[in-house]
Every structure is written in structure tokens, then in C-alpha cells.
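Q: Task: produce atomic coordinates for the following.
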Amino acid sequence: MSEPEAVVADVEEEKVGFEIDELPLQHILLFLPWIQKELPKEKIHKLYESFGMTEGQRDELIDSMAIKDGDAHVKDIFDAYHKIFQSDLKVAHWIARWFIQESNSLMAKRMLFDNIDPGAFRVYKNEFIENPTRPDIVPKLATQIPIIEIADSLKRHVTDQKYKEVADNAREMYQKNSLSSMWFARCTFLINFITVKPNTRKPEYWLNEFFAACSYHPRTRVYPFYIDRYYKTRLGWFLLSHAIYIC
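A: Purely as a prediction, here's the structure:
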């Protein structure tokens, strides 16, 4: 009697990255600074029908670009895109597809997150994109997070050089002192922090490192709490298991 054949289970590799036509709204908003930069008024006029936009949506978007004192129109641009994308996700997907496939932006090559560490991607997807109680984590961080305070904490308290480089880059962008540069700085910081491959830490720990960096300053502590109201317990276990101390 012959030996039974060994059954080899099909182990599906963990999927990393998003499909181009299934990009979540929050993730698209994370790349909005570069998307809107590639779509000035002239291109919106030319391409709005191919994006599935109505004339009303086109006009609303173009009106948001009207120059105001300083660069106050930046908030209007974000709000206009956000409103249109929320009302019709197909428009968001068409614009994202165009950005990835047709634009010259270097950020377009990073948008699918297909080169990210699998563990880091899992944390981003589970804790940010699919968070059932907080559907607006990414836009809130992208428009509000105090970069200088977090960068200071990373510089002083985090030992991994890669995180310090992320902090230095964000600080340099942020200190140009305009709403536009601050928006780009926040989104660049988040993208780099999520996707960085540290020298001495596991990439999948990036959210715990973010919680730790936010815990040093009163202006930044509110953000971990917004993401996870029990973050202190979670952070405590992480710091204890890795012998990291908050001073």
C-alpha cells in the first residue's frame, strides 16, 4: 500500500499595497497635496469630464483655487476635494488613477504602498484606514498634527537614525511657514513614517513609535488618544517590552 501523498497547504502571501481602483478615500487624501499640485485650473477644465466630474463640481474646485491673503486658499482646496470625493468616490478613483499613471510627480510612484513592509502596511490598514470608530484619522493628522513638537521628540528620544531623518525632513519643510508647506510637510511626514525601514526597530512598530513621540508634549498627546483611547496601556506594554522609557 502506497504512502498517502503529503497535502501541501496553499499559504497565501500577505497582500501588500492597494489596487489602483480600490484606493481608500483616506489614503487618496494623504496624497492630495501632490495631486492638486498636478491639477491647476487649466487641467481641471480640460480633464474634468474624464474624471466623471459635473460642471458644478468643476466650478467648485476651480473657485477654491482663487488666491486669498497669503495661502489661505489651501484649506479651501482641501475642503473642495474632500467634499467632492466624499460625494462620489469614483471621481476620487479616476483622479488617483490619472495621478499615478499620467502625472510626473515622484509621489505618484509611492501611492499604491506596494513597496512597504507587510507588517507596517497591516498596521496602517487596520488602525487608520479600516478603523471602525475613526473614519477620518488621515485627514485629521494631515491637516492638524504639530510637526515641530513631534520632530523634537523623535530627535531627543528615539534612537533609530531613520526616524530622526524623517523628523529632520519634515521640520525643514514645515519651517517654511506657509499653510501649503505645512500641509506638504505633514503628509510627507506621515508617508515617510509609515513606510520607513528603520535600522534597529521592526517597521511594523511604527504606530507605537508614533504614539511614543506624541506622548512628550501636551499639544501632540491628543492625537494618539483620538486614534485609540486606550493607547496609554498599549504604549506602556510596548515600551516595557522594548525597555524604552519616557522621561
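
Q: For Phe128, list the residues it contacts.
A: Contact criterion C-beta atoms under 8 Å, 6 or more residues apart in numbering gives Gln26, Ile137, Val138, Ile227 as the residues in contact with Phe128. Using the backbone N, CA and C atoms, a C-beta is placed for each residue, glycine as well.

Q: what sits against the last one?
A: For Ile227, the contacting residues are Glu127, Phe128, Asn131, Arg134, Ile137, Leu207, Phe211, by C-beta under 8 Å, 6+ apart.

Q: State the pLDDT value of it.
A: Note on Ile227: pLDDT of 95.

Q: For Arg234, see how far away it is.
A: 10 Å (C-beta to C-beta, to the nearest Å).

Q: shared neighbours, the two?
A: Residues touching both Ile227 and Arg234 (C-beta under 8 Å, 6+ apart) are Phe211.

Q: where are the low-confidence patches of this structure?
A: By pLDDT under 70, the weakly predicted segments of the chain are 1-13, 68-70, 159, 243-247.

Q: What segments of it are helices?
A: For the chain, the helices identified by DSSP state H occupy 25-30, 32-37, 41-47, 55-64, 73-87, 89-102, 118-123, 137-144, 147-157, 161-174, 179-195, 206-214, 222-227, 231-241, in order along the chain.

Q: now those in a markdown table, with distance to Val16?
A: Listed next are these as a markdown table, based on distance: least, C-beta to C-beta, whole Å:
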| stretch | distance to Val16 |
| --- | --- |
| helix 25-30 | 14 |
| helix 32-37 | 21 |
| helix 41-47 | 30 |
| helix 55-64 | 32 |
| helix 73-87 | 24 |
| helix 89-102 | 16 |
| helix 118-123 | 5 |
| helix 137-144 | 18 |
| helix 147-157 | 25 |
| helix 161-174 | 19 |
| helix 179-195 | 11 |
| helix 206-214 | 15 |
| helix 222-227 | 22 |
| helix 231-241 | 23 |
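
Q: Nearest to Phe18 among these would be which one?
A: Closest approach to Phe18 among the helices of the chain (C-beta to C-beta): helix 25-30, 6.5 Å.

Q: so how far is Asn192 from the residue sitting nearest the centre point of the chain?
A: With distances taken as C-alpha atoms, centre = their mean, the residue of the chain nearest its centroid is Leu30 (4.3 Å). In this view, Leu30 and Asn192 are 11 Å apart by C-beta to C-beta.

Q: again with Ala213
A: 13 Å.

Q: Looking at the two, which one has more neighbours?
A: Ala213 (25 against 17; other C-beta atoms under 10 Å).

Q: Surely the more buried one and Ser153 touch.
A: Yes - using C-beta atoms under 8 Å, Ala213 makes contact with Ser153 at a distance of 4.3 Å.

Q: who touches both of the two?
A: The contact sets of Ala213 and Ser153 overlap at Thr220 (C-beta under 8 Å, 6+ apart).

Q: Just give me the neighbour total for Ile95.
A: 26.

Q: Let me fix that, I meant to ask about Lys109.
A: Lys109: 11 neighbours (other C-beta under 10 Å).
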